[in-house]
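Q: Just need the structure, nothing else, for what follows:
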Amino acid sequence: MPFTPTLAETRFGVGLSPRVSPPETTAAMLDRLAGPDLVAQRYAIPNSTEVTPSASEYSAAARARREASGTPREEEADKAFKAIRTQAMIRWAEFSTIALARSIETQDGLRERLVRFWADHFTIRAKGGQNLQFVPIYIEEAIRPHVTGRFSDMLKAVITHPRMLIYLDQNRSFGPNSKRAERLGRGGLNENLARELLELHTLGVDGPYTQHDVRELAELLTGLSHDGDRQFDFRGHYAEPGAETVLGQSYGGDKPSLSDIHAVLDDLAAHPATAEHLSRKLARHFIADVPPDDLVMALSATYRETGGALLAMAATLVGHPLSWSVEKQKVKQPYDFVESALRAVDVAPQKLLALDRKEVQRYLHRPLTVMGQSPRGPVGPDGWPEEAEAWVTPQGMAGRIDWAMRLPVVLGPDLPDPRRFVHGALGPEPDEAVVFAAGAAETPAEAIGIVLASPDFQRR
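A: Residues are numbered from 1 along each chain as shown. A predicted model of the protein is given here:
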């Protein structure tokens, strides 16, 4: 099939909207992507130094509760700790609705999709509910600014971000011959970050590395940590002294330095295996569970020729004929389904932002969990599965249908005429069976639910 605005917005964007016109050309898609991030400016998420409660505030409250245990101050300290924990959960709910408000209003759906793609590629999961608010902040700080930049810059931002270091226990890792190990009388090397950096983030699970490379890289990464406010800090006394050899290349050797870590990250980003791994993953996410080899090869060539320029990768992706010729077969993940449904029904962003924490849980977070995609994030560092079989399950589809039938009543504005809605949500040539079913529905709410639950709406 050739390029169409409908396919551009459904396959590469966040779904059709009665308020926002889809892009008319691939050039328009790329112009928006290369331009300013307007919805992030309008619906801002604070950075890690601005958010309240801060990590240090939470830690102080937790410490005060521990110290007050068994004393007359115990009840007061416990109450103060729970208040901060509740405040953190409220922030998480707020950030969840901000992300959806962006998607509802944006004319730059490709950017939102790329942000989520790379956030999943560099998955983290909060350790403890009070830390959930920091996951959107991590995405805002380490992922979003780099989706049109160079992969090496995103990689360095991610690998040095305190939330990634905490997630993979790198903040506790120190070299077996480091000053800290000498002081403690034991080593404390952790290979989690090194392994995921090679296996998931760059070279791929079948990449050209060995356990020796993992070990050497883990020793090189010692020193990456954070301070008491959970801001990045390079701790030289944690770092393993001496040179480390990764993929045959030596790094470091003198005084431990962050520049040595940046050097290995640059080299890993430039590796041909990284180009192929990222290209296949990108094509698999947007086009097909088994992506066309010619498209993967074209993306990989662009990556190598441009030094990992992600805007150029996006241009190759949307400009390749195979990106438009493959029939709709990708099943929307639950979040994408919810996002596109809210956009199709034209829920006002301010209505979402007005939801309180319990309403966000009831109308968004709990249904997403039932559909199979917990808003707390993937269980493992490999992110969410891509294959359709992971999402087309009896429980998952029942959750989608139930939410689709309730959405128009719970969150929707004045409901549109179903005869117009079916074309607005599915495009100018919707499935005739869906048109008939929507027209035969007893109420407008039921008709809209039928459209949203249809197979046509579930695929892109």
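Q: okay, CA-based contacts and neighbour counts for the rest of this
A: Noted.
Q: so after the host helix or strand of Ile450, what's the next helix or strand?
A: Using DSSP states H and E, Ile450 maps to helix 444-453. Downstream of helix 444-453, the next assigned helix or strand under DSSP H and E is helix 455-458.
Q: in the stretch 301-450 of the chain, which spans are helices?
A: In the stretch 301-450 of the chain, the helices defined using DSSP state H, counting those that start in this stretch lie at 310-319, 322-325, 334-345, 349-353, 357-360, 366-371, 394-410, 418-426, 432-440, 444-453.
Q: Can you name every helix or strand that the second one contacts?
A: So the one you mean is helix 322-325. Of the remaining helices and strands, none touches helix 322-325 by 3 or more C-alpha pairs under 8 Å, 6 or more residues apart in numbering; DSSP states H and E.
Q: Not counting its own residues, what contacts stretch 362-372?
A: Contacts with stretch 362-372, where a contact means C-alpha atoms under 8 Å, 6 or more residues apart in numbering, come from Pro334, Tyr335, Ser374, Pro375, Trp391, Gln395, Gly396, Met397, Ala398, Gly399, Arg400, Trp403.
Q: From those, list the buried ones, please.
A: Pro334, Tyr335, Ser374, Pro375, Trp391, Gly396, Met397, Gly399, Arg400, Trp403 (16 or more other C-alpha atoms under 10 Å).
Q: so the fifth one sits right up against Gln333, yeah?
A: So the one you mean is Trp391. Yes - counting by C-alpha atoms under 8 Å, Gln333 is a contact partner of Trp391 at 6.7 Å.
Q: just to revisit the earlier point, the contacts of stretch 362-372: which two are farthest apart?
A: Maximum pairwise distance in the contacts of stretch 362-372, criterion C-alpha to C-alpha, is 18.0 Å, between Pro375 and Ala398.
Q: can you tell me which helix in this structure is longest?
A: helix 74-105 (DSSP state H).
Q: That one: what's the following helix or strand?
A: Assigned by DSSP H and E, the successor of helix 74-105 is helix 109-121.
Q: before we move on, the earlier item: relative to Ala263, which of the contacts of stretch 362-372 is nearest.
A: Pro375 (34.6 Å).
Q: mind checking pLDDT for the closest one?
A: Looking at Pro375, its pLDDT reads 96.
Q: Poorly predicted segments of this protein, please.
A: Low-confidence segments of the chain (pLDDT under 70): 1, 411-413.
Q: any idea how it splits into domains?
A: 1-149+271-460, 165-270 (automatic domain parsing).
Q: can you tell which of the ones you listed is closest to Val158?
A: Of the domains of the chain, nearest to Val158 by C-alpha to C-alpha is domain 1-149+271-460, at 5.3 Å.
Q: ok, the nearest residue in space to Arg125 that is not next to it in sequence - how many residues close by?
A: Sequence neighbours aside, Gly377 is the residue nearest to Arg125 in space, at 5.8 Å (criterion: C-alpha to C-alpha, 6 or more residues apart in numbering). When counting by other C-alpha atoms under 10 Å, one arrives at 18 neighbours for Gly377.
Q: check contacts around Gly377.
A: Taking C-alpha under 8 Å, 6+ apart, one finds Thr123, Ile124, Arg125, Gly383 in contact with Gly377.
Q: and the second one, how many neighbours?
A: Spelled out, it's Ile124. Neighbour number of Ile124 under other C-alpha under 10 Å is 25.
Q: quick one: it and Asp382 touch, right?
A: No - at 9.3 Å, Ile124 does not count as touching Asp382 under the criterion of C-alpha under 8 Å.
Q: before we move on, back to that, can you give me the angle the helix holding Ile450 makes with helix 394-410?
A: 140 degrees (axes from the mean of the first three to the mean of the last three C-alpha atoms, to 10 degrees).
Q: Distance from helix 444-453 to the middle of the chain?
A: 29 Å (C-alpha atoms, centre = their mean, to the nearest Å).
Q: just checking, what packs against that helix?
A: When contacts are defined as 3+ C-alpha pairs under 8 Å, 6+ apart, helix 444-453 packs onto helix 394-410, helix 418-426, helix 432-440.
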